[in-house]
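Asks: Using only what follows, build the 3D model:
(6 chains)
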Number of protein chains: 4
Amino acid sequence: MQEISEKKARILAAAMDIFGERPYDQVKIEDIAERAGVGKGTIYEYFVSKEDLFAAGLEAGFNEYFMALVAAAVPSLPATAKLQAVFGRHLSFISQHAAATRIIIGERPASRSEMREAMVGRYMRLGRFLEELLQEGIAAGDFRPVDTAVVAQAIIGMFSTLLVFVLFAGQAADAMEKQAEKLLDFCLLGLAS
Amino acid sequence: MQEISEKKARILAAAMDIFGERPYDQVKIEDIAERAGVGKGTIYEYFVSKEDLFAAGLEAGFNEYFMALVAAAVPSLPATAKLQAVFGRHLSFISQHAAATRIIIGERPASRSEMREAMVGRYMRLGRFLEELLQEGIAAGDFRPVDTAVVAQAIIGMFSTLLVFVLFAGQAADAMEKQAEKLLDFCLLGLAS
Amino acid sequence: MQEISEKKARILAAAMDIFGERPYDQVKIEDIAERAGVGKGTIYEYFVSKEDLFAAGLEAGFNEYFMALVAAAVPSLPATAKLQAVFGRHLSFISQHAAATRIIIGERPASRSEMREAMVGRYMRLGRFLEELLQEGIAAGDFRPVDTAVVAQAIIGMFSTLLVFVLFAGQAADAMEKQAEKLLDFCLLGLAS
Amino acid sequence: MQEISEKKARILAAAMDIFGERPYDQVKIEDIAERAGVGKGTIYEYFVSKEDLFAAGLEAGFNEYFMALVAAAVPSLPATAKLQAVFGRHLSFISQHAAATRIIIGERPASRSEMREAMVGRYMRLGRFLEELLQEGIAAGDFRPVDTAVVAQAIIGMFSTLLVFVLFAGQAADAMEKQAEKLLDFCLLGLAS
DNA sequence: TATGAATGAGATTTCATTCAT
DNA sequence: GATGAATGAAATCTCATTCAT
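Replies: From the prediction side, this is the model:
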């Protein structure tokens, strides 16, 4: 059973790798099988279809990302520092896990309504996390009492802009870092109590 | 020659329609031909390939969107009012032209670097427009002297978040309007001189 | 349009040929395309699916067979001679069109209910033809007033037995001819008025 | 060894069941394994291949049927009564063992000449049984001295027509019973000494 | 002996693109 | 220029069979 999970994980990892490299319809199941070191048929033992595998990769990629953000928000830190850490972690994650990230933004969110729902669900999850962080800051008097839902949305927006610049515009890492800092500053301006 | 352009326009319109309805690889050239009321072969008289047609639709969709924003920023208005108008127009555009919008963000065959470049180019164009607007406001003393590139980026980010909520989460129009207003307010907080 | 029908006919002929040679699932669409001298895709312009093509072949094969029987029953002949002619034509048809015939008995009648219905329909059509022939003979006083439905069924049964012997047991032609004659005689014994 | 046979029998029974339900290529070895309550691999302990298993089912199904006919021809009965009993048993068997019967006529992978031979062999076996019955009747003076081979063949033909009507046309049982009686009568007409 | 996870050959069908008319 | 019939490459998924346990 442990063995089984291990194989499923290997397939999933291979899928994320490859789906990150090129668009969905340029990925052959066979490519993934090869990279995972299993037979084509084996993939279908663990995933219902190519689309299912893609969706699983999406979910796993987001989870990885989300965990990274959560881990960055060390509980002992004050809210401002947490926010700063989250911004930084966002940037470093998308820089280092370009492939996984490219899946997250999802080359094809439109197809199945299930997938849309999942995507929206992920947005919400990220939003809730940021809202909690903001509420904490407000409670501690670090932030002014803003509408947390709105600000969270704004932050997600900033994150997604950074995404585009890092992944597609191929900006240099340090330029991006500066950019992220400034975005954070702008954000804090609006939050300053 | 006038005739020719008219036909090309009809094909492009049909393409935008249909690419907005479903993901790239679920669209058949034949569908577009049918909707445009021309033969399959005719499309190849005006467009090199399916990908080319998609790219043209993308560009046209963005132009439509961009023109709408530009038109909203009536020159005679003060910067704050312009920004407000642009926010409002963004929202109304994505609500009313869901199809065109879905192309803009949607499904990129993304394989070709040309397309990535075009996408980045559009981001930049939108960014420059917003920067100009911000600089104007700063010059007029309406905004504090922020890093316009950064704030423009932040606004683009907010726009894209609104996009997700409107297109995929299916939020009610009026709820979104309120949300957009609040995003603008948050923005203005950071900009207030 | 004439051209089109010609191509469809060529595909159908090739299909009957090949479906007659080997069982359904050992026939590749590609084989049929090759024999018909068209591309694989072309077949799908004229037939919805492999199964559809098979069903069409079945129908066409039966029609050919049925026409042959009908043609044998020359109107001017007395009933007994007609019956004799039909027996003879049955035998010669299945001997000479072994391939087409093998389709008729149908390697896979069970799959779709449509197909079953079509098969039953063919049985009925053959039955009605024989019944008419019998009724004519009864009216003319050549045959005793038997239950025509029953005797028609019996004749179909005899036909199918001959089928098995010719197609599968590979009996010599003249031996079969004698056999058919005797079957007819036995039949006539029951019919003799 | 007793245990082994029991398992083999269970597999065979399951195979007959399922091959009777749907055409050969819609049957998965796994389905049979499941119905038999054994593992997929186990089937290959007892049968060489899917085709082999099918052939075994065919043979077993025919044997069941053949035994039933033989049992119906109770030795003490006069020939006419025997023939009557055999007709009746044929009908009741195909009505009650539709699945087994469907195998007998059904779907032949037909590729292998072995299978054809087996099929012809079964026809012959049935033929010999009927011939013996006829000869007995002739010897007893119940039947006129017909060519027994021919009449046996005719009877087999009638049996197969009944098959089609019962299995595929879904005729009501009692209507068929009447039909069978009449077929027998017609037969007896030809046999009456 | 029994198992079932793993395999990979294989075939239908789709659809972008071509080109003769 | 306009058309759409013809094409064939290509890829998902199935399933009989194997073999390590």
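Asks: Now A:Ala99: closest residue in space, sequence neighbours ignored.
Replies: A:Gly20 (2.7 Å; Cβ to Cβ, 6 or more residues apart in numbering or on different chains). Just so you know, the C-beta spots here come from the backbone N, C-alpha and C atoms, and that holds for glycine as well.
Asks: Where does that neighbour fall, secondary structure wise?
Replies: helix A:2-21 (DSSP states H and E).
Asks: next one: whichever helix or strand A:Val151 is part of to chain centre, how far?
Replies: Element membership of A:Val151, judged by DSSP H and E, is helix A:148-167. Distance of helix A:148-167 from the chain centroid (Cα atoms, centre = their mean, to the nearest Å) equals 11 Å.
Asks: Check which helices and strands the helix or strand that it is followed by sits against.
Replies: With elements assigned by DSSP H and E, the helix or strand that comes after helix A:148-167 is helix A:173-191. Helix A:173-191 is packed against helix A:79-96, helix A:148-167, helix B:148-167, helix B:173-191, with contacts defined by 3 or more Cβ pairs under 8 Å, 6 or more residues apart in numbering or on different chains; DSSP states H and E.
Asks: want to try TSV for those, with distance to A:Ala192, mean pLDDT and mean neighbour count as columns?
Replies: Converted to TSV, these look like this (distance: least, Cβ to Cβ, whole Å; pLDDT from 0 to 100; neighbours: other Cβ atoms under 10 Å in any protein chain shown):
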stretch	distance to A:Ala192	mean pLDDT	mean neighbour count
helix A:79-96	9	93	19
helix A:148-167	12	89	22
helix B:148-167	16	89	22
helix B:173-191	9	85	17
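Asks: Export these to JSON lines and append columns for distance to D:Val74.
Replies: Formatted as JSON lines, the helices and strands packed on helix A:173-191 follow (distance: least, Cβ to Cβ, whole Å):
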{"stretch": "helix A:79-96", "distance to D:Val74": "86"}
{"stretch": "helix A:148-167", "distance to D:Val74": "86"}
{"stretch": "helix B:148-167", "distance to D:Val74": "80"}
{"stretch": "helix B:173-191", "distance to D:Val74": "86"}
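Asks: coming back round to it: from DNA strand E, how far off is the residue nearest to A:Ala99?
Replies: 22 Å (Cβ to the nearest atom of the strand, to the nearest Å).
Asks: what's the answer for A:Ala14, then?
Replies: A:Ala14 is 12 Å from DNA strand E, by Cβ to the nearest atom of the strand.
Asks: So which elements touch the helix holding A:Val151?
Replies: helix A:79-96, helix A:98-105, helix A:113-139, helix A:173-191, helix B:113-139, helix B:148-167, helix B:173-191.
Asks: any idea of the angle it forms with helix A:98-105?
Replies: Helix A:148-167 and helix A:98-105 are oriented at 140 degrees to each other (axes from the mean of the first three to the mean of the last three Cα atoms, to 10 degrees).
Asks: low-scoring pLDDT stretches of chain A, where are they?
Replies: A:1-4, A:104-112, A:169, A:193 (pLDDT under 70).
Asks: which residues touch the residue in it positioned nearest to chain B?
Replies: Nearest residue of chain A to chain B (Cβ to the nearest Cβ) works out as A:Gly157 at 3.0 Å. Going by Cβ atoms under 8 Å, 6 or more residues apart in numbering or on different chains, A:Gly157 touches B:Ala154, B:Ile156, B:Gly157, B:Met158, B:Phe159, B:Ser160, B:Thr161, B:Leu162.
Asks: likewise A:Val38?
Replies: Contacts of A:Val38 by Cβ under 8 Å, 6+ apart are A:Lys7, A:Arg10, A:Ile11.
Asks: at 6 Å instead, please
Replies: With contact set as Cβ atoms under 6 Å, 6 or more residues apart in numbering or on different chains, A:Val38 has no partners.
Asks: re earlier: tabulate the contacts of A:Gly157 (JSON lines), appending distance to D:Ala172.
Replies: Putting these into JSON lines (distance: Cβ to Cβ, whole Å) gives the following:
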{"residue": "B:Ala154", "distance to D:Ala172": "79"}
{"residue": "B:Ile156", "distance to D:Ala172": "75"}
{"residue": "B:Gly157", "distance to D:Ala172": "74"}
{"residue": "B:Met158", "distance to D:Ala172": "74"}
{"residue": "B:Phe159", "distance to D:Ala172": "71"}
{"residue": "B:Ser160", "distance to D:Ala172": "69"}
{"residue": "B:Thr161", "distance to D:Ala172": "68"}
{"residue": "B:Leu162", "distance to D:Ala172": "68"}
